[in-house]
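Enquirer: Need a 3D model of the following:
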Amino acid sequence: SSITVIGAKEIENKSAFNAMAILDDVLGVQVDKQGANRTNVSLRDNVDIFTTSTLIMLDYRTMNLAGLNFFDADASNLSNIDLERIEVVRGPASALYGPGVGAGVIHYLSKDPFKHPGTTILLQSGGFEKKDKKSFLMNFDLNMFKMSFRHAASNDEKTFGYKFNLKYAENEDFDLPESTVAQFADDIKDVSGRVVRSIGGKWQERAAARGADATLYYRPSNDFSLTLTSGINETAGNFLTGSTGESRATNRQAFFQARMQSKNLFAQWNWADSSPHKADQYAGFGYRSGVANGVGSKQTQLQVQYELSFDQINTDLSIGVEHSGAAFETNGSTYGRNENDDDYRVYGAYFSTKTDLSKKLNLQLAGRYDKFPTIGEASFSPRAALVFKPSNRHSLRLTFNKAYVAPSALNLFVDLAVQDIGYGSVWIYGNRDAQTFNNIQTTWLV
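Expert: Residues are numbered from 1 along each chain as shown. This next block holds a predicted model:
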């Protein structure tokens with residue numbers, strides 16, 4: 001594949017408020033600024049706020065929420081001072097990384113305590129210029145602040161180590177046109193019609209994020225390693241989507257990762273619990289509809305992979321299985337009538353081979369089968385590559401890939417009012433009961 005690797009020195013020399021902005025000048029990577037300190041990223045594809053067809057990973061853990069293709073850098077434990085390198089893989093990669101990877105992979109790899117011990121503190125402050133309407137002078141507003149802290153240590157034998165990270169960030173958001181703000185609701189109501197808070201039709205500018213995580217490393221030998229990571233992150237801020245318009249969200253995400261490698265066996269289990277704030281005064285909502293909403297989910301992922309070598313035919317083989325799933329909870333708001341039947345699961349099995357045909361020519365083959373019980377479908381993603389390397393600095397690749405992207409849980413289950421038009425509301429409704437050319441019936445509710 002076409003790959004770019006960003007090293008620790010380049011990361012340290014970049015002045016970026018978040019880990020996504022580090023990629024702003026990488027070939028083939030599109031970084032969209034969607035707020036004063038909110039960004040999203042895509043490779044060779046379109047991008048919406050939070051959702052992306054690019055797979056984002058940190059230390060082999062998938063950061064995109066299953067079923068949503070959702071990624072929010074603020075709600076993750078990405079830290080600029082705890083990154084050793086970033087690997088960017090362009091192009092379809094379902095055969096190697098699973099369904100939904102139609103554009104590429106961005107893999108962040110953090111610093112371990114064995115090579116990077118010590119304490120680091122990073123303070124950042126900044127803003128943007130606004131013109132004074134009376135004096136026509138430019139005022140520089142320092143309305144962005146971020147603090148990051150990292151500490152790491154290990155024993156003398158380099159068999160046991162630990163690290164922990166802390167972060168806090170706050171900023172105001174960009175202003176909106178008065179014509180847009182004029183359409184905002186005064187009161188925010190839940191699905192029962194109860195007023196949970198009042199915003200007076202105003203744009204809530206302040207955003208904030210905070211988080212903490214800790215990691216334990218156990219490496220008694222070169223043949224075995226065990227890594228345990230846990231953390232929690234909280235965010236509050238505005239976002240904009242093509243379907244629901246201007247919205248505000250609060251989110252708390254706790255996660256746990258256990259990763260083990262024993263000789264040729266690799267296994268990991270990931271768990272994440274994401275939920276909107278339950279207090280009325282912090283409830284998420286749509287500015288135009290005035291309806292409180294939010295999506296909570298419990299995510300799990302299990303991966304097992306084994307490596308085999310066939311020296312007689314100069315071939316290495318990897319085989320593996322994977323299961324990922326999500327159970328959603330929106331309290332009758334975002335998924336409405338679909339609330340009790342909105343689980344999303346994917347089962348997959350894959351293989352990958354590399355055969356050295358000569359010292360300069362190799363053949364790579366891979367394939368992955370995935371089952372989607374939610375929509376009753378399955379897919380097979382093939383991959384083939386013939387690679388010629390006349391020298392270490394030159395290569396010629398002939399590749400074929402095919403990737404599958406299943407409908408997201410939001411596409412399937414959403415049932416939400418998005419615009420109050422005075423005498424009623426405009427709703428969006430998911431396509432759970434698929435309307436196709438063979439099933440053209442649909443139901444209208446007036």
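Enquirer: what sits against residue 88?
Expert: 3-6, 23, 26, 28-29, 43, 104-107 (C-beta atoms under 8 Å, 6 or more residues apart in numbering). Any C-beta I mention is one placed from the backbone N, CA and C, and that applies to glycine too.
Enquirer: Show the end-to-end separation of stretch 270-284, please.
Expert: Stretch 270-284 has an end-to-end distance of 27 Å (C-alpha to C-alpha, to the nearest Å).
Enquirer: any idea of the mean pLDDT in it?
Expert: On average, the pLDDT along stretch 270-284 is 86.
Enquirer: For that stretch, which residues meet the burial criterion?
Expert: Neighbour counts using 16 or more other C-beta atoms under 10 Å place 270, 272, 274-277, 283-284 of stretch 270-284 among the buried residues.
Enquirer: again with stretch 357-371
Expert: 362, 364-368, 370-371.
Enquirer: Tell me the one among the residues you listed nearest to residue 203.
Expert: Of all those, the one with the least separation from residue 203 (C-beta to C-beta) is residue 370, at 41.8 Å.
Enquirer: my guess is that closest one meets residue 99, correct?
Expert: Yes: Residue 370 is in contact with residue 99 according to C-beta atoms under 8 Å; the separation is 4.8 Å.
Enquirer: any shared contact partners between those two?
Expert: Common neighbours of residue 370 and residue 99 (C-beta under 8 Å, 6+ apart) are 346, 348, 379, 381, 404.
Enquirer: Now the most centrally placed residue in the chain. Its backbone dihedrals?
Expert: Per C-alpha atoms, centre = their mean, the C-alpha nearest to the average position across the chain is that of residue 71, at 2.7 Å. Note on residue 71: its backbone torsions stand at phi -140, psi 130 [degrees, to the nearest 10].
Enquirer: and the shared contacts of residue 370 and residue 99, which of them are in strands?
Expert: 346, 348, 379, 381 (DSSP state E).
Enquirer: would you list those residues in a markdown table and tack on neighbour count, pLDDT and distance to residue 423?
Expert: Shown next, in a markdown table, are those (neighbours: other C-beta atoms under 10 Å; pLDDT from 0 to 100; distance: C-beta to C-beta, whole Å):
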| residue | neighbour count | pLDDT | distance to residue 423 |
| --- | --- | --- | --- |
| 346 | 22 | 92 | 42 |
| 348 | 22 | 95 | 48 |
| 379 | 18 | 91 | 45 |
| 381 | 24 | 93 | 49 |
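Enquirer: Now that we have those residues, can you turn them into a markdown table and tack on distance to residue 77?
Expert: What follows is these, written out as a markdown table (distance: C-beta to C-beta, whole Å):
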| residue | distance to residue 77 |
| --- | --- |
| 346 | 24 |
| 348 | 25 |
| 379 | 31 |
| 381 | 29 |
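Enquirer: Okay, now the unreliable bits of the stretch 201-350 of the chain?
Expert: 241-244 (pLDDT under 70).
Enquirer: go with 90
Expert: The stretch 201-350 of the chain contains residues with pLDDT under 90 at 201-208, 235-252, 274-297, 326-344.
Enquirer: same deal with the stretch 51-200 of the chain?
Expert: For the stretch 51-200 of the chain (pLDDT under 90), the answer is 51-56, 63-78, 80, 90-94, 96-104, 124-146, 170-194, 196-200.
Enquirer: go with 50
Expert: Residue ranges of the stretch 51-200 of the chain with pLDDT under 50: 135-140.
Enquirer: just the helices in it please.
Expert: Remark: helices assigned in the stretch 51-200 of the chain by DSSP state H, counting those that start in this stretch are 94-97, 178-181.
Enquirer: Residue 27 belongs to a helix?
Expert: No: counting by DSSP: H, G, I helix; E, B strand; the rest coil, residue 27 is not part of a helix but coil.
Enquirer: measure it to residue 383 for me?
Expert: As defined by C-beta to C-beta, to the nearest Å, residue 27 lies at a distance of 22 Å from residue 383.
Enquirer: ok, now residue 55?
Expert: Counting by C-beta to C-beta - residue 55 and residue 383 are separated by 15 Å.
Enquirer: what's the answer for residue 227, then?
Expert: 28 Å.
Enquirer: For burial, what's the neighbour tally of residue 127?
Expert: For residue 127, the number of neighbouring residues by other C-beta atoms under 10 Å comes to 15.
Enquirer: go on, residue 268?
Expert: Neighbours of residue 268 (other C-beta under 10 Å): 20.
Enquirer: Pull up the pairing partners for the helix or strand containing it, direction included.
Expert: In this assignment (DSSP states H and E), residue 268 forms part of strand 265-275. Strand pairing for strand 265-275, determined by DSSP bridges: strand 245-262 (antiparallel), strand 296-310 (antiparallel).
Enquirer: export these to TSV and tack on mean neighbour count and distance to residue 198?
Expert: Output for these, formatted as TSV (neighbours: other C-beta atoms under 10 Å; distance: least, C-beta to C-beta, whole Å):
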stretch	mean neighbour count	distance to residue 198
strand 245-262	18	13
strand 296-310	16	24
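Enquirer: closest one to residue 92 among those?
Expert: strand 296-310 (19.8 Å).
Enquirer: correct me, but residue 147 touches residue 125?
Expert: No: contact criterion C-beta under 8 Å: residue 147 and residue 125 do not qualify, at 9.7 Å.
Enquirer: Looking at these two, which is more packed in?
Expert: Of the pair residue 147 and residue 125, residue 147 is the one with more neighbours under other C-beta under 10 Å, namely 15 against 12.
Enquirer: Leaving out sequence neighbours, find the closest residue to the more buried one.
Expert: With sequence-adjacent residues excluded and distances taken as C-beta to C-beta, 6 or more residues apart in numbering, residue 147 is closest to residue 168, at 4.9 Å.
Enquirer: The one you found: what's it in contact with?
Expert: Applying C-beta under 8 Å, 6+ apart, the residues near residue 168 are 146-147, 208-210.
Enquirer: if we can go back for a sec, between residue 227 and residue 383, which has more neighbouring residues?
Expert: residue 383 (23 against 19).
Enquirer: Give the helix, strand or coil label for that one.
Expert: Once three-state DSSP is applied, residue 383 turns out strand.
Enquirer: buried stuff in stretch 404-421?
Expert: 404-410, 412-420.
Enquirer: pLDDT averaged over that stretch, what's the number?
Expert: Per-region confidence: stretch 404-421 scores 82 on mean pLDDT.
Enquirer: Look up phi and psi at the residue lying closest to residue 310 once chain neighbours are set aside.
Expert: Among residues not flanking residue 310 along the chain, residue 317 sits closest, at 6.8 Å (C-beta to C-beta, 6+ apart). Backbone torsions for residue 317, taken as degrees, to the nearest 10, come to phi -130, psi 130.
Enquirer: Could you double-check that residue 317 sits in contact with residue 350?
Expert: No: with contact defined as C-beta under 8 Å, residue 317 does not count as touching residue 350 (11.2 Å).
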